[in-house]
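1. With the input below, show me the fold.
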Amino acid sequence: MAATDGPPLIKLGVEDAIAGLVLSTEAKWNQTEEDWRVFLREGVVFGIRNGPLLVATAALLPYSGNNAWISMVLVTSSHRRRGYASRLVDACLETARKNGLTSWLDATPDGAAVYGRLGFTPTLQLRRLKLIMPVRLPAPPPPAASLDTLRARDRRATGFDRAALLTAFAQRSGSRIAASPGAIALVRDGRTARHIGPLFADNAGDSLALVHAIARSETAPLLIDAVAPQTAFLEGLTASGWTVERPFQRMRFGPATSAGDEMPFAVAGPEFG
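-> All right, here's what the predicted structure looks like:
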């Protein structure tokens, strides 16, 4: 089947959030319905249907500075190996090209090989780690910080503005912005585990101190997508009971854009950058 054959690509709307959630749940990903609403409201989500059933998706989420994130590339198990994912990613790239956007994504090792052949350039690596919480009484949470402080640190680290994304995260029930001397992080609900990130800190010691304080105040499993070059941070996590689940390779398609002034210790997630 040629890449242009088969059912048509369609643009999805906010009313398709539950259908998207069905796909990401099948893949055992951690997204919630609220995550899908971010993509559908703030970005462009392409899909393929088989009759009324949504069977494949890919999302393009634009940020400032001519940047956009490609994610949520999903195909239900009964419709794989038909070229759907390639068609959907091509649609995202064409939309980005028409709007003068550099595209980014965080790929699994298998996905990185595919995206490399499409012209994506590898940049930094991530490691997803998980902490299964022991049964115990929770400790008091670390002090809260303001959304404006998080936004400013995020822009300094990424080089672009993600105010809409961070605001959507922070306004959710169960979300909090935690801080300790020299560090700040956002904690939010996921489908199966709470997620820490983005996380910014002055040094590895400050970042670990904040993560440990967050973990002591939580009772649910935790996920964190750590930046691999932050070696001391990663080693500190694994030494304290976190286990590496999988790597991700960050990749770029298009010209380099302005870089941030600091490297984060953990990102908002492979789907958000």
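
2. Please make it C-alpha for all contacts and neighbour counts, starting now.
-> Will do.

3. name the element the residue nearest to Met251 when sequence neighbours are not counted belongs to?
-> Closest residue in space to Met251, ignoring its immediate chain neighbours: Pro122 at 4.3 Å, by CA to CA, 6 or more residues apart in numbering. Secondary structure assignment for Pro122, by DSSP states H and E: strand 121-131.

4. got the contact list for that strand?
-> With contact meaning CA atoms under 8 Å, 6 or more residues apart in numbering, strand 121-131 is reached by 116, 221-229, 241-253.

5. can you map out the strands along the stretch 101-250 of the chain?
-> 102-107, 121-131, 176-180, 183-188, 194-201, 222-227, 243-253 (DSSP state E, counting those that start in this stretch).

6. helices or strands up against the shortest one?
-> Using 3 or more CA pairs under 8 Å, 6 or more residues apart in numbering; DSSP states H and E as the contact criterion, the neighbours of strand 176-180 among helices and strands are strand 183-188, helix 204-216.

7. at 10 Å what do you get?
-> For strand 176-180, the packing partners by 3 or more CA pairs under 10 Å, 6 or more residues apart in numbering; DSSP states H and E come out as helix 147-158, helix 163-170, strand 183-188, strand 194-201, helix 204-216.

8. Roughly how far does Ala164 sit from Gly197?
-> To Gly197, Ala164 is 15 Å away according to CA to CA, to the nearest Å.

9. So those two - more neighbours on which side?
-> Using other CA atoms under 10 Å as the criterion, Ala164 and Gly197 rank with Gly197 on top: 22 against 12.

10. Now the more buried one: closest residue in space that isn't a chain neighbour?
-> That would be Ala268: by CA to CA, 6+ apart, it lies 4.6 Å from Gly197.

11. and the one you found, how many residues sit next to it?
-> Ala268 - counted by other CA under 10 Å - has 24 other residues nearby.
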